[in-house]
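Colleague: everything below, folded, please.
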Amino acid sequence: MEIVVLANEGDYVFLQTLGKNIKWEFTHTPEAFFLHKNADAYFDMRDNAKEDYSSITKPVFINSVIITNSENHHNKNVIRINAWAGFIEKDLWEIAGEVSIEAAEVLQQLNKKYITVPDEAGFVSARIIAMIINEAYHAKDEGVSTEADIDIAMKLGTNYPYGPFEWANKIGVQHIYALLQKLSLNDERFLPSAGLAATNKNI
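Modeller: Numbers count the residues shown, from 1 in each chain. Got it, this is the predicted structure:
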């Protein structure tokens, strides 16, 4: 199986660890990515890429947590994944898109189980984590506790692998802020807290 990857070097190195008997093709630019015509699958690991993948008929997996396939009018062979830090490493991937026989075979070769979710911003897990992070910033804004103590309390109380501020730093505050901003357009519960907004502004 041949898989073409458009990514930074770190993401490419990680993908290489997922499956055996795969011929990986590493590209740095969209132009080089689309030059490969006969691969079995394609991975665009850039954040929320807006390429036109219509020239590719094989499965295309894209790291698009915030922008949906319907917004970009992608064909059915384009599948959204969450490649944020802390999510891409999981054995179970949330996927938005149509999982064809070919796409399922790719995931099997990568030793990934999957669950299909609606084509909505944030999938399910990222929405939940973003809300938890936002509530933690609200608590900090109100003087309830410090970042370190909130992280410890959440890990001990919920058995999460990371506290909310640790999650924010691992994923990137700018990603959390952008997702919350997008979700808040339809639901005010997702409005970013003042502290999160200020942190994002200072990045």
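
Colleague: identify the residue spatially nearest to Leu15, adjacent ones excluded.
Modeller: Closest residue to Leu15 apart from its sequence neighbours, by Cβ to Cβ, 6 or more residues apart in numbering: Val5 at 5.9 Å. (C-beta placed from N, C-alpha, C; glycine too.)

Colleague: which phi and psi values does the one you found adopt?
Modeller: Backbone geometry at Val5, expressed as degrees, to the nearest 10, gives phi -120, psi 130.

Colleague: ok, it touching Ile22?
Modeller: No - if you go by Cβ atoms under 8 Å, Val5 and Ile22 don't touch, sitting 10.4 Å apart.

Colleague: more neighbours: the two, which one.
Modeller: The neighbour count for Val5 versus Ile22, taken as other Cβ atoms under 10 Å, is higher for Val5 (22 against 16).

Colleague: how much space is there between that one and Asp44?
Modeller: 8 Å (Cβ to Cβ, to the nearest Å).

Colleague: what do you get for Tyr160?
Modeller: From Tyr160 to Asp44 the distance is 30 Å (Cβ to Cβ).

Colleague: and for Val5 and Asp44, which residues touch both?
Modeller: Contact criterion Cβ atoms under 8 Å, 6 or more residues apart in numbering; residues shared by Val5 and Asp44: none found.

Colleague: residues contacting the helix ranked longest in the chain, please?
Modeller: Secondary structure of the chain per DSSP state H: the longest helix is helix 125-141. Taking contacts as Cβ under 8 Å, 6+ apart, the residues outside helix 125-141 that touch it are 65, 82, 84, 87, 94, 121-122, 145-147, 150, 154, 163-165, 167-168, 171, 176, 179-180, 183, 189-190, 192-196, 199.

Colleague: show me how far that helix is from its chain's centre.
Modeller: Averaging C-alpha positions (Cα atoms, centre = their mean, to the nearest Å) puts helix 125-141 17 Å from its chain's average.

Colleague: perfect, I'm done here.
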